[in-house]
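1. dropping a prediction and its sequence here:
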Amino acid sequence: MQGDFSRVTFDKDRRFSAVLAQQGRVQLDADLNEQTAILMHYMRTLVTDLFGPAVYSTGPDGNLAGGFKVAFENGTFSVTRGRMYVDGILCECEPTDFRSQPDPPRDPEQAEKFPEGMFLVYLRVWEQLVTAAQEPSLREVALGLHGPDTSVRTRVVWQLDWMPADPTIFSLKAGLFLKSKLDERFEPRGTLAAGVTRPEEGAAPCDLPPESGYRGPENQLYRVEIHQGGTAGTATFKWSRENASVVLPIRSAAGATLELESLGRDGRLGVEAGDVVEIVDDATVRRAAADEIPGTHTSLYRVVEADHTARQVVLHADPSQDHHQPGLGTDPALHPVLRRWDHRPEPTQPKKAQEGAEEQPHVRRHTLLVEQNGWIDLEDGVRIRFGADQDAKTPKKYRTGDHWLIPARVVTGEAEWPKDEQGEPDQREPHGVEYHYAPLGLVRDAAGEGKRNVSDLRTPFRQPAPQPMGPDQPGQPDQ
(Lines give C-alpha, C1' and ligand atoms only; values in the text may rest on other atoms or scores of the structure.)
Protein backbone atom coordinates (compact mmCIF):
# COMPACT_ATOMS: atom_id res chain seq x y z
CA MET A 1 0.00 0.00 0.00
CA GLN A 2 1.28 3.45 -0.98
CA GLY A 3 1.46 5.03 2.46
CA ASP A 4 4.18 7.14 4.05
CA PHE A 5 5.56 4.24 6.08
CA SER A 6 9.08 3.75 7.41
CA ARG A 7 8.87 0.03 6.55
CA VAL A 8 6.45 -2.90 6.68
CA THR A 9 7.59 -5.55 9.18
CA PHE A 10 4.76 -8.08 9.50
CA ASP A 11 5.72 -11.59 8.41
CA LYS A 12 3.36 -14.43 9.27
CA ASP A 13 6.20 -16.96 9.08
CA ARG A 14 7.82 -15.41 12.16
CA ARG A 15 4.70 -16.31 14.20
CA PHE A 16 4.74 -13.24 16.42
CA SER A 17 1.61 -12.96 18.56
CA ALA A 18 1.80 -9.35 19.79
CA VAL A 19 3.81 -6.13 19.79
CA LEU A 20 4.58 -4.92 23.33
CA ALA A 21 5.61 -1.33 23.99
CA GLN A 22 8.37 -0.55 26.49
CA GLN A 23 8.56 2.54 28.66
CA GLY A 24 10.68 5.43 27.51
CA ARG A 25 11.18 3.98 24.02
CA VAL A 26 10.70 5.54 20.61
CA GLN A 27 7.38 4.68 19.00
CA LEU A 28 7.52 3.74 15.32
CA ASP A 29 4.74 3.49 12.78
CA ALA A 30 6.01 0.04 11.76
CA ASP A 31 5.42 -1.36 15.27
CA LEU A 32 1.84 -0.10 15.50
CA ASN A 33 1.05 -1.30 11.99
CA GLU A 34 2.54 -4.72 12.70
CA GLN A 35 0.27 -5.13 15.73
CA THR A 36 -2.74 -4.40 13.53
CA ALA A 37 -1.50 -6.88 10.94
CA ILE A 38 -0.93 -9.59 13.57
CA LEU A 39 -4.47 -9.20 14.91
CA MET A 40 -6.06 -9.16 11.45
CA HIS A 41 -4.09 -12.25 10.40
CA TYR A 42 -5.24 -14.07 13.55
CA MET A 43 -8.91 -13.16 13.15
CA ARG A 44 -9.10 -13.95 9.44
CA THR A 45 -7.23 -17.23 9.86
CA LEU A 46 -9.60 -18.20 12.67
CA VAL A 47 -12.70 -17.48 10.59
CA THR A 48 -11.28 -19.43 7.65
CA ASP A 49 -10.33 -22.44 9.81
CA LEU A 50 -13.72 -22.57 11.54
CA PHE A 51 -16.07 -21.92 8.64
CA GLY A 52 -14.13 -22.31 5.38
CA PRO A 53 -12.52 -20.01 2.81
CA ALA A 54 -15.78 -18.60 1.40
CA VAL A 55 -18.99 -18.83 3.46
CA TYR A 56 -22.23 -16.97 4.12
CA SER A 57 -24.59 -17.16 7.06
CA THR A 58 -28.02 -18.77 6.62
CA GLY A 59 -29.22 -17.70 10.05
CA PRO A 60 -30.16 -19.95 13.01
CA ASP A 61 -33.01 -21.56 11.07
CA GLY A 62 -30.95 -22.13 7.94
CA ASN A 63 -33.48 -20.39 5.68
CA LEU A 64 -31.80 -17.06 4.89
CA ALA A 65 -30.66 -16.44 1.33
CA GLY A 66 -27.53 -14.67 2.58
CA GLY A 67 -25.39 -12.19 0.74
CA PHE A 68 -24.11 -12.40 -2.83
CA LYS A 69 -26.67 -14.94 -4.11
CA VAL A 70 -26.61 -14.72 -7.91
CA ALA A 71 -29.64 -14.36 -10.20
CA PHE A 72 -29.65 -13.69 -13.95
CA GLU A 73 -32.43 -11.67 -15.55
CA ASN A 74 -32.85 -8.72 -17.90
CA GLY A 75 -29.61 -9.55 -19.61
CA THR A 76 -27.31 -9.26 -16.57
CA PHE A 77 -26.65 -10.89 -13.22
CA SER A 78 -27.34 -9.47 -9.78
CA VAL A 79 -26.58 -10.38 -6.16
CA THR A 80 -28.61 -10.18 -2.96
CA ARG A 81 -28.01 -8.06 0.11
CA GLY A 82 -26.00 -9.53 2.96
CA ARG A 83 -22.58 -10.61 4.15
CA MET A 84 -19.97 -13.13 3.10
CA TYR A 85 -16.53 -14.08 4.38
CA VAL A 86 -13.76 -14.68 1.82
CA ASP A 87 -10.55 -16.02 3.39
CA GLY A 88 -11.87 -14.55 6.63
CA ILE A 89 -12.40 -11.07 5.13
CA LEU A 90 -15.84 -9.62 5.78
CA CYS A 91 -17.63 -8.49 2.61
CA GLU A 92 -20.93 -6.60 2.88
CA CYS A 93 -23.20 -5.58 0.04
CA GLU A 94 -26.54 -4.07 -0.84
CA PRO A 95 -28.60 -5.47 -3.73
CA THR A 96 -26.73 -4.67 -6.94
CA ASP A 97 -25.92 -6.01 -10.38
CA PHE A 98 -22.78 -6.31 -12.47
CA ARG A 99 -23.00 -2.84 -14.03
CA SER A 100 -24.06 -0.87 -10.93
CA GLN A 101 -21.77 -2.51 -8.36
CA PRO A 102 -19.86 -0.01 -6.17
CA ASP A 103 -16.39 -0.75 -7.58
CA PRO A 104 -16.85 -2.05 -11.15
CA PRO A 105 -13.74 -3.67 -12.69
CA ARG A 106 -14.63 -2.36 -16.15
CA ASP A 107 -16.21 0.74 -17.63
CA PRO A 108 -19.91 0.57 -16.62
CA GLU A 109 -20.81 2.66 -19.67
CA GLN A 110 -19.73 -0.13 -22.00
CA ALA A 111 -22.24 -2.90 -22.58
CA GLU A 112 -21.10 -6.28 -21.26
CA LYS A 113 -21.77 -9.21 -23.58
CA PHE A 114 -22.22 -12.44 -21.67
CA PRO A 115 -21.72 -15.79 -23.43
CA GLU A 116 -24.67 -17.95 -24.41
CA GLY A 117 -22.99 -20.97 -22.79
CA MET A 118 -22.14 -21.49 -19.13
CA PHE A 119 -20.14 -18.90 -17.27
CA LEU A 120 -18.91 -18.61 -13.71
CA VAL A 121 -19.73 -15.58 -11.54
CA TYR A 122 -17.16 -15.01 -8.83
CA LEU A 123 -16.08 -12.49 -6.22
CA ARG A 124 -12.66 -10.83 -6.15
CA VAL A 125 -11.66 -9.26 -2.82
CA TRP A 126 -8.71 -7.04 -1.95
CA GLU A 127 -7.80 -4.13 0.31
CA GLN A 128 -7.27 -0.55 -0.81
CA LEU A 129 -5.40 2.23 0.99
CA VAL A 130 -7.58 5.30 1.58
CA THR A 131 -6.02 8.69 2.27
CA ALA A 132 -7.45 12.13 2.83
CA ALA A 133 -7.19 12.67 -0.93
CA GLN A 134 -9.90 10.05 -1.48
CA GLU A 135 -11.81 10.65 1.76
CA PRO A 136 -11.53 14.33 2.87
CA SER A 137 -13.25 13.59 6.19
CA LEU A 138 -10.03 11.89 7.36
CA ARG A 139 -8.27 15.25 7.47
CA GLU A 140 -8.40 17.22 10.73
CA VAL A 141 -9.17 20.75 9.52
CA ALA A 142 -8.05 22.18 12.88
CA LEU A 143 -4.50 21.52 11.61
CA GLY A 144 -5.13 23.82 8.65
CA LEU A 145 -7.25 23.67 5.53
CA HIS A 146 -4.28 22.40 3.53
CA GLY A 147 -2.37 21.23 6.57
CA PRO A 148 -0.76 17.86 7.19
CA ASP A 149 -2.68 14.64 6.96
CA THR A 150 -2.49 12.10 9.77
CA SER A 151 -3.27 8.39 9.62
CA VAL A 152 -4.72 6.51 6.66
CA ARG A 153 -7.29 3.72 6.39
CA THR A 154 -7.71 0.45 4.54
CA ARG A 155 -10.95 -0.48 2.85
CA VAL A 156 -12.16 -3.89 1.71
CA VAL A 157 -13.00 -3.80 -2.00
CA TRP A 158 -15.11 -6.57 -3.52
CA GLN A 159 -15.80 -6.85 -7.22
CA LEU A 160 -18.24 -9.05 -9.12
CA ASP A 161 -16.70 -10.63 -12.19
CA TRP A 162 -17.20 -13.59 -14.50
CA MET A 163 -15.36 -15.99 -16.77
CA PRO A 164 -16.46 -18.63 -19.31
CA ALA A 165 -16.95 -22.11 -17.86
CA ASP A 166 -16.56 -25.57 -19.36
CA PRO A 167 -17.54 -29.08 -18.20
CA THR A 168 -14.33 -29.46 -16.17
CA ILE A 169 -15.94 -27.27 -13.53
CA PHE A 170 -18.06 -30.27 -12.47
CA SER A 171 -15.08 -32.60 -11.94
CA LEU A 172 -12.74 -30.00 -10.41
CA LYS A 173 -15.39 -28.27 -8.29
CA ALA A 174 -15.93 -24.54 -8.63
CA GLY A 175 -13.16 -23.34 -6.31
CA LEU A 176 -10.45 -25.43 -7.96
CA PHE A 177 -11.76 -24.56 -11.43
CA LEU A 178 -11.52 -20.84 -10.63
CA LYS A 179 -8.02 -21.22 -9.22
CA SER A 180 -6.81 -23.22 -12.22
CA LYS A 181 -8.06 -20.60 -14.67
CA LEU A 182 -6.45 -17.76 -12.72
CA ASP A 183 -3.19 -19.71 -12.47
CA GLU A 184 -3.17 -20.06 -16.25
CA ARG A 185 -3.28 -16.27 -16.52
CA PHE A 186 -0.82 -15.27 -13.80
CA GLU A 187 1.43 -18.22 -12.95
CA PRO A 188 4.35 -18.52 -12.59
CA ARG A 189 4.54 -15.14 -10.92
CA GLY A 190 7.37 -12.75 -11.56
CA THR A 191 10.01 -12.43 -8.84
CA LEU A 192 12.51 -9.79 -7.81
CA ALA A 193 15.68 -9.53 -5.74
CA ALA A 194 17.02 -6.29 -4.29
CA GLY A 195 20.36 -5.24 -2.89
CA VAL A 196 23.09 -2.62 -3.08
CA THR A 197 26.19 -2.35 -5.23
CA ARG A 198 29.20 -4.28 -3.97
CA PRO A 199 32.96 -3.85 -4.54
CA GLU A 200 34.52 -6.15 -7.06
CA GLU A 201 35.59 -9.51 -5.67
CA GLY A 202 39.18 -9.49 -4.43
CA ALA A 203 39.40 -5.71 -4.00
CA ALA A 204 41.46 -4.51 -1.05
CA PRO A 205 39.51 -2.78 1.78
CA CYS A 206 41.37 0.48 1.21
CA ASP A 207 40.49 0.34 -2.48
CA LEU A 208 36.72 0.13 -2.03
CA PRO A 209 35.01 2.37 -4.56
CA PRO A 210 32.94 5.20 -3.05
CA GLU A 211 29.82 3.90 -4.79
CA SER A 212 29.67 0.68 -2.72
CA GLY A 213 26.56 0.23 -0.56
CA TYR A 214 23.58 2.52 -0.09
CA ARG A 215 24.68 6.15 -0.50
CA GLY A 216 21.42 8.01 0.02
CA PRO A 217 21.31 10.86 2.57
CA GLU A 218 18.10 9.59 4.22
CA ASN A 219 16.40 6.33 5.10
CA GLN A 220 13.96 5.40 2.36
CA LEU A 221 11.29 2.83 1.56
CA TYR A 222 11.69 2.08 -2.14
CA ARG A 223 8.74 0.74 -4.06
CA VAL A 224 9.10 -1.10 -7.37
CA GLU A 225 5.71 -1.54 -9.06
CA ILE A 226 4.60 -3.17 -12.29
CA HIS A 227 2.83 -0.65 -14.52
CA GLN A 228 2.02 -2.63 -17.67
CA GLY A 229 1.52 -6.32 -17.03
CA GLY A 230 2.96 -9.07 -19.19
CA THR A 231 6.20 -11.02 -19.50
CA ALA A 232 9.82 -9.86 -19.61
CA GLY A 233 10.36 -7.63 -22.60
CA THR A 234 6.77 -6.38 -22.66
CA ALA A 235 5.96 -5.66 -18.99
CA THR A 236 7.06 -2.30 -17.60
CA PHE A 237 7.72 -0.95 -14.13
CA LYS A 238 8.17 2.28 -12.20
CA TRP A 239 9.76 3.03 -8.84
CA SER A 240 9.57 5.49 -5.97
CA ARG A 241 11.87 6.22 -3.04
CA GLU A 242 8.86 7.30 -0.92
CA ASN A 243 6.69 4.18 -1.40
CA ALA A 244 4.71 6.22 -3.97
CA SER A 245 3.17 8.19 -1.08
CA VAL A 246 3.64 11.63 -2.68
CA VAL A 247 0.03 12.12 -3.77
CA LEU A 248 -1.53 15.52 -4.57
CA PRO A 249 -5.30 15.94 -5.10
CA ILE A 250 -6.32 17.48 -8.44
CA ARG A 251 -8.79 20.36 -8.10
CA SER A 252 -9.36 20.98 -11.81
CA ALA A 253 -7.91 20.08 -15.20
CA ALA A 254 -7.72 22.12 -18.40
CA GLY A 255 -5.88 20.14 -21.03
CA ALA A 256 -2.30 19.54 -19.91
CA THR A 257 -2.61 22.11 -17.07
CA LEU A 258 -3.67 20.76 -13.67
CA GLU A 259 -4.59 22.81 -10.61
CA LEU A 260 -3.64 20.98 -7.42
CA GLU A 261 -4.56 21.51 -3.79
CA SER A 262 -0.84 22.02 -3.21
CA LEU A 263 2.48 21.13 -4.79
CA GLY A 264 3.61 19.27 -1.68
CA ARG A 265 4.78 20.04 1.84
CA ASP A 266 8.39 20.65 0.79
CA GLY A 267 10.85 19.96 -2.01
CA ARG A 268 11.36 16.36 -0.91
CA LEU A 269 7.65 15.53 -0.80
CA GLY A 270 6.45 17.72 -3.64
CA VAL A 271 6.48 18.01 -7.40
CA GLU A 272 8.93 19.95 -9.54
CA ALA A 273 9.60 20.36 -13.26
CA GLY A 274 11.16 17.24 -14.71
CA ASP A 275 9.37 14.82 -12.36
CA VAL A 276 7.52 11.81 -13.72
CA VAL A 277 3.93 11.64 -12.46
CA GLU A 278 0.86 9.47 -12.84
CA ILE A 279 -2.79 10.51 -12.89
CA VAL A 280 -4.83 8.09 -10.79
CA ASP A 281 -8.51 8.09 -9.88
CA ASP A 282 -10.99 5.57 -8.46
CA ALA A 283 -11.69 4.09 -11.90
CA THR A 284 -7.98 3.54 -12.57
CA VAL A 285 -7.57 1.61 -9.32
CA ARG A 286 -10.66 -0.53 -9.89
CA ARG A 287 -9.76 -1.50 -13.45
CA ALA A 288 -6.19 -2.38 -12.52
CA ALA A 289 -7.59 -5.24 -10.40
CA ALA A 290 -9.20 -7.02 -13.38
CA ASP A 291 -8.04 -10.64 -13.81
CA GLU A 292 -6.38 -10.09 -17.13
CA ILE A 293 -3.22 -8.63 -18.60
CA PRO A 294 -4.47 -5.78 -20.82
CA GLY A 295 -2.64 -4.78 -23.95
CA THR A 296 -2.38 -1.16 -22.83
CA HIS A 297 -2.31 0.88 -19.67
CA THR A 298 -2.50 4.54 -18.76
CA SER A 299 0.58 6.62 -19.51
CA LEU A 300 2.86 8.42 -17.12
CA TYR A 301 3.60 12.09 -17.69
CA ARG A 302 6.52 14.45 -17.39
CA VAL A 303 6.07 17.74 -15.52
CA VAL A 304 7.12 20.56 -17.85
CA GLU A 305 6.37 23.46 -15.52
CA ALA A 306 5.48 23.82 -11.85
CA ASP A 307 3.94 27.05 -10.51
CA HIS A 308 3.89 27.00 -6.70
CA THR A 309 2.03 30.29 -6.41
CA ALA A 310 -0.88 29.23 -8.59
CA ARG A 311 -0.57 25.59 -7.43
CA GLN A 312 -0.49 24.44 -11.04
CA VAL A 313 1.58 22.01 -13.06
CA VAL A 314 1.83 21.68 -16.82
CA LEU A 315 2.37 18.19 -18.22
CA HIS A 316 3.97 17.22 -21.51
CA ALA A 317 0.60 15.88 -22.77
CA ASP A 318 -3.12 16.09 -22.03
CA PRO A 319 -4.09 13.15 -19.74
CA SER A 320 -7.78 13.46 -20.64
CA GLN A 321 -6.85 12.16 -24.10
CA ASP A 322 -5.41 8.93 -22.72
CA HIS A 323 -6.61 6.12 -25.00
CA HIS A 324 -6.78 3.61 -22.14
CA GLN A 325 -9.04 5.82 -20.00
CA PRO A 326 -10.47 8.87 -21.81
CA GLY A 327 -11.27 11.79 -19.52
CA LEU A 328 -8.62 10.76 -17.00
CA GLY A 329 -8.28 13.32 -14.21
CA THR A 330 -11.30 15.43 -15.15
CA ASP A 331 -14.08 13.94 -12.99
CA PRO A 332 -13.99 15.22 -9.37
CA ALA A 333 -16.37 12.45 -8.30
CA LEU A 334 -13.60 9.92 -9.00
CA HIS A 335 -11.14 11.71 -6.65
CA PRO A 336 -8.30 12.21 -9.17
CA VAL A 337 -4.81 12.63 -7.76
CA LEU A 338 -1.34 13.21 -9.13
CA ARG A 339 1.21 10.65 -7.88
CA ARG A 340 4.95 11.25 -8.19
CA TRP A 341 7.37 8.53 -9.27
CA ASP A 342 11.12 8.94 -8.93
CA HIS A 343 12.52 6.98 -11.87
CA ARG A 344 13.80 8.67 -14.98
CA PRO A 345 12.72 6.94 -18.19
CA GLU A 346 15.10 6.07 -20.96
CA PRO A 347 15.92 9.19 -23.00
CA THR A 348 14.46 9.20 -26.48
CA GLN A 349 17.32 9.27 -28.95
CA PRO A 350 17.22 11.11 -32.29
CA LYS A 351 15.70 9.05 -35.06
CA LYS A 352 18.95 9.12 -36.99
CA ALA A 353 20.74 7.50 -34.07
CA GLN A 354 17.99 4.99 -33.36
CA GLU A 355 15.22 4.68 -35.88
CA GLY A 356 11.84 4.16 -34.25
CA ALA A 357 12.91 5.02 -30.68
CA GLU A 358 9.95 7.41 -30.36
CA GLU A 359 7.57 4.54 -31.06
CA GLN A 360 8.79 2.22 -28.30
CA PRO A 361 5.78 1.96 -25.95
CA HIS A 362 7.72 2.01 -22.67
CA VAL A 363 9.71 5.08 -23.79
CA ARG A 364 6.59 6.88 -24.97
CA ARG A 365 4.76 6.09 -21.73
CA HIS A 366 7.70 7.13 -19.50
CA THR A 367 8.09 3.69 -17.90
CA LEU A 368 10.97 1.23 -17.63
CA LEU A 369 11.16 -2.16 -19.31
CA VAL A 370 11.23 -5.36 -17.24
CA GLU A 371 14.43 -7.15 -18.23
CA GLN A 372 15.83 -10.34 -16.72
CA ASN A 373 19.43 -10.22 -17.94
CA GLY A 374 21.10 -8.60 -14.95
CA TRP A 375 20.98 -6.00 -12.21
CA ILE A 376 19.11 -2.75 -12.78
CA ASP A 377 20.40 0.31 -10.89
CA LEU A 378 17.78 2.55 -9.27
CA GLU A 379 19.78 5.23 -7.43
CA ASP A 380 22.34 5.74 -4.66
CA GLY A 381 23.58 2.16 -4.90
CA VAL A 382 20.16 0.47 -4.69
CA ARG A 383 19.59 -2.08 -7.43
CA ILE A 384 17.10 -4.76 -8.39
CA ARG A 385 17.09 -7.92 -10.45
CA PHE A 386 14.04 -9.62 -11.95
CA GLY A 387 14.09 -13.41 -11.73
CA ALA A 388 14.89 -15.35 -14.90
CA ASP A 389 12.33 -17.62 -16.57
CA GLN A 390 12.68 -21.32 -15.84
CA ASP A 391 12.03 -22.15 -19.50
CA ALA A 392 10.72 -20.43 -22.60
CA LYS A 393 7.38 -22.30 -22.50
CA THR A 394 6.41 -20.97 -19.07
CA PRO A 395 7.68 -17.38 -18.79
CA LYS A 396 7.14 -15.53 -15.55
CA LYS A 397 4.15 -13.21 -15.61
CA TYR A 398 3.89 -9.77 -14.09
CA ARG A 399 0.51 -8.34 -13.13
CA THR A 400 -0.31 -4.65 -13.03
CA GLY A 401 0.05 -3.47 -9.43
CA ASP A 402 2.52 -6.17 -8.38
CA HIS A 403 5.01 -4.44 -6.11
CA TRP A 404 8.02 -4.97 -3.88
CA LEU A 405 9.09 -2.82 -0.90
CA ILE A 406 12.80 -2.24 -0.25
CA PRO A 407 13.85 -0.42 2.96
CA ALA A 408 17.25 1.28 2.57
CA ARG A 409 19.14 2.42 5.67
CA VAL A 410 21.91 5.01 5.98
CA VAL A 411 23.57 3.60 9.11
CA THR A 412 24.21 0.16 7.63
CA GLY A 413 24.48 1.22 4.00
CA GLU A 414 22.24 -1.74 3.21
CA ALA A 415 18.92 -2.53 1.61
CA GLU A 416 16.94 -4.77 3.96
CA TRP A 417 16.21 -7.84 1.87
CA PRO A 418 16.19 -11.61 2.59
CA LYS A 419 19.31 -13.56 1.61
CA ASP A 420 19.57 -17.06 0.18
CA GLU A 421 21.89 -19.82 1.45
CA GLN A 422 24.84 -18.28 -0.41
CA GLY A 423 24.25 -14.90 1.18
CA GLU A 424 22.93 -13.37 -2.05
CA PRO A 425 19.66 -11.42 -2.34
CA ASP A 426 16.83 -13.93 -2.63
CA GLN A 427 14.23 -13.87 -5.38
CA ARG A 428 10.82 -13.08 -3.90
CA GLU A 429 7.28 -12.95 -5.25
CA PRO A 430 5.44 -9.59 -5.02
CA HIS A 431 4.53 -8.21 -1.61
CA GLY A 432 1.12 -7.31 -3.01
CA VAL A 433 -1.57 -6.77 -4.19
CA GLU A 434 -3.08 -9.85 -2.49
CA TYR A 435 -6.33 -10.91 -4.13
CA HIS A 436 -8.86 -13.36 -2.68
CA TYR A 437 -11.53 -15.21 -4.64
CA ALA A 438 -14.83 -16.99 -4.08
CA PRO A 439 -17.13 -18.69 -6.65
CA LEU A 440 -20.70 -17.41 -6.38
CA GLY A 441 -22.84 -18.98 -9.09
CA LEU A 442 -22.79 -20.91 -12.36
CA VAL A 443 -25.06 -19.30 -14.95
CA ARG A 444 -26.47 -22.04 -17.17
CA ASP A 445 -29.32 -22.52 -19.63
CA ALA A 446 -32.20 -20.16 -20.33
CA ALA A 447 -35.20 -20.14 -18.01
CA GLY A 448 -37.63 -17.88 -19.81
CA GLU A 449 -37.46 -14.48 -21.44
CA GLY A 450 -34.33 -12.64 -20.25
CA LYS A 451 -33.70 -15.17 -17.45
CA ARG A 452 -31.27 -18.01 -16.98
CA ASN A 453 -30.89 -20.78 -14.42
CA VAL A 454 -28.15 -20.27 -11.86
CA SER A 455 -26.52 -22.94 -9.68
CA ASP A 456 -25.62 -21.51 -6.28
CA LEU A 457 -21.93 -22.21 -5.55
CA ARG A 458 -21.67 -20.46 -2.21
CA THR A 459 -20.92 -22.41 0.97
CA PRO A 460 -23.61 -21.91 3.64
CA PHE A 461 -22.94 -21.67 7.35
CA ARG A 462 -25.83 -22.18 9.74
CA GLN A 463 -25.66 -20.20 12.95
CA PRO A 464 -26.14 -22.15 16.22
CA ALA A 465 -29.75 -22.06 17.38
CA PRO A 466 -30.51 -20.11 20.59
CA GLN A 467 -30.42 -22.25 23.73
CA PRO A 468 -33.86 -22.81 25.35
CA MET A 469 -34.35 -21.30 28.78
CA GLY A 470 -35.00 -23.60 31.79
CA PRO A 471 -38.39 -23.17 33.56
CA ASP A 472 -36.89 -23.33 37.08
CA GLN A 473 -34.04 -20.91 36.38
CA PRO A 474 -35.25 -17.94 34.37
CA GLY A 475 -32.52 -16.41 32.28
CA GLN A 476 -30.31 -19.52 32.46
CA PRO A 477 -29.89 -22.10 29.69
CA ASP A 478 -30.87 -25.72 30.33
CA GLN A 479 -28.03 -28.04 31.33
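-> Looks like it arrived, so ask away. Residues are numbered from 1 along each chain as shown.

2. thought residue 299 was touching residue 328?
-> No: judged on C-beta atoms under 8 Å, residue 299 makes no contact with residue 328 at a distance of 9.1 Å. Where C-beta positions appear, they are placed from N, C-alpha and C, glycine not excepted.

3. what do the two both touch?
-> Both residue 299 and residue 328 are contacted by 319, 322, under the criterion C-beta atoms under 8 Å, 6 or more residues apart in numbering.

4. rounded mean pLDDT for stretch 120-136, please.
-> The average pLDDT within stretch 120-136 is 93.

5. I'd like the distance from it to the chain centre, please.
-> 9 Å (C-alpha atoms, centre = their mean, to the nearest Å).

6. likewise for stretch 152-163?
-> That offset, for stretch 152-163, works out to 10 Å (C-alpha atoms, centre = their mean).

7. now swap in stretch 22-33 and tell me
-> With C-alpha atoms, centre = their mean, you get 27 Å for stretch 22-33.

8. endpoints of it, how far apart?
-> End-to-end distance of stretch 22-33: 16 Å, with C-alpha to C-alpha, to the nearest Å as the criterion.

9. what does stretch 445-459 give?
-> 22 Å.

10. give me the buried positions along that stretch.
-> For stretch 445-459, the neighbour count (16 or more other C-beta atoms under 10 Å) marks 452, 454, 456, 457, 458, 459 as buried.

11. for the fifth one, grab phi and psi.
-> When read as degrees, to the nearest 10, the backbone of residue 458 gives phi -70, psi 160.

12. now, which of the buried residues of stretch 445-459 lie within helices?
-> Using DSSP state H, no member of the buried residues of stretch 445-459 falls in helices.

13. now stretch 411-430: buried residues?
-> Judged by neighbour count using 16+ other C-beta under 10 Å, the buried positions of stretch 411-430 are 414, 415, 417, 425, 426, 427, 430.

14. with pLDDT and secondary structure added, can I get those in JSON lines?
-> Formatted as JSON lines, the buried residues of stretch 411-430 follow (pLDDT from 0 to 100; DSSP: H, G, I helix; E, B strand; the rest coil):
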{"residue": "414", "pLDDT": "94", "secondary structure": "strand"}
{"residue": "415", "pLDDT": "95", "secondary structure": "strand"}
{"residue": "417", "pLDDT": "96", "secondary structure": "coil"}
{"residue": "425", "pLDDT": "94", "secondary structure": "strand"}
{"residue": "426", "pLDDT": "95", "secondary structure": "coil"}
{"residue": "427", "pLDDT": "95", "secondary structure": "coil"}
{"residue": "430", "pLDDT": "96", "secondary structure": "coil"}
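
15. which one of those residues is nearest residue 392?
-> Distances from residue 392 to the buried residues of stretch 411-430, taken as C-beta to C-beta, are shortest for residue 427 (18.5 Å).

16. start to end distance for stretch 70-83?
-> Stretch 70-83 end-to-end distance (C-alpha to C-alpha) = 13 Å.

17. what is the mean pLDDT for that stretch?
-> Average pLDDT, stretch 70-83: 93.

18. run through who's touching that stretch.
-> Under C-beta under 8 Å, 6+ apart, the answer for stretch 70-83 is 56-57, 64-69, 90-99, 112, 114, 121, 160, 162, 440-441, 443, 450-454, 456.

19. can you select the buried ones from those residues in PyMOL?
-> Only the buried entries of the contacts of stretch 70-83 go into this PyMOL selection, using 16+ other C-beta under 10 Å:
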select buried, resi 56+57+64+66+67+68+69+91+93+96+97+98+99+114+121+160+162+440+441+443+452+454+456
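
20. sketch out the low-pLDDT regions of the stretch 351-479 of the chain for me.
-> 351-364, 469-479 (pLDDT under 70).

21. let me have the buried residues of stretch 445-459 in TSV, adding distance to residue 370 as columns.
-> Formatted as TSV, the buried residues of stretch 445-459 follow (distance: C-beta to C-beta, whole Å):
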residue	distance to residue 370
452	41
454	40
456	41
457	36
458	38
459	38
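
22. could you single out the nearest of the residues you listed to residue 27?
-> residue 459 (41.9 Å).

23. which ones are touching the closest one?
-> Contacts of residue 459 by C-beta under 8 Å, 6+ apart are 52, 54, 55, 56.

24. all helices of the protein, in order?
-> Under DSSP H, the chain gives helices at 29-51, 168-172, 174-186, 282-288, 361-364.

25. so which of the contacts of stretch 70-83 are in strands?
-> 56-57, 90-93, 96-97, 121, 160, 162, 440-441, 443, 451-454, 456 (DSSP state E).

26. pLDDT weak spots in the stretch 51-200 of the chain?
-> 146, 199-200.

27. which residues does residue 38 contact?
-> Residue 38 makes contact with 10, 16, 17, 18, 19, according to C-beta under 8 Å, 6+ apart.

28. about what we covered before: redo the buried residues of stretch 411-430 as TSV? Include distance to residue 38.
-> Listed next are these as TSV, based on distance: C-beta to C-beta, whole Å:
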residue	distance to residue 38
414	26
415	25
417	22
425	26
426	23
427	26
430	21
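
29. and those residues, which is closest to residue 175?
-> Set against residue 175, the nearest of the buried residues of stretch 411-430 by C-beta to C-beta is residue 430 (22.7 Å).

30. quick one: the closest one and residue 405 touch, right?
-> No: with contact defined as C-beta under 8 Å, residue 430 does not count as touching residue 405 (9.7 Å).
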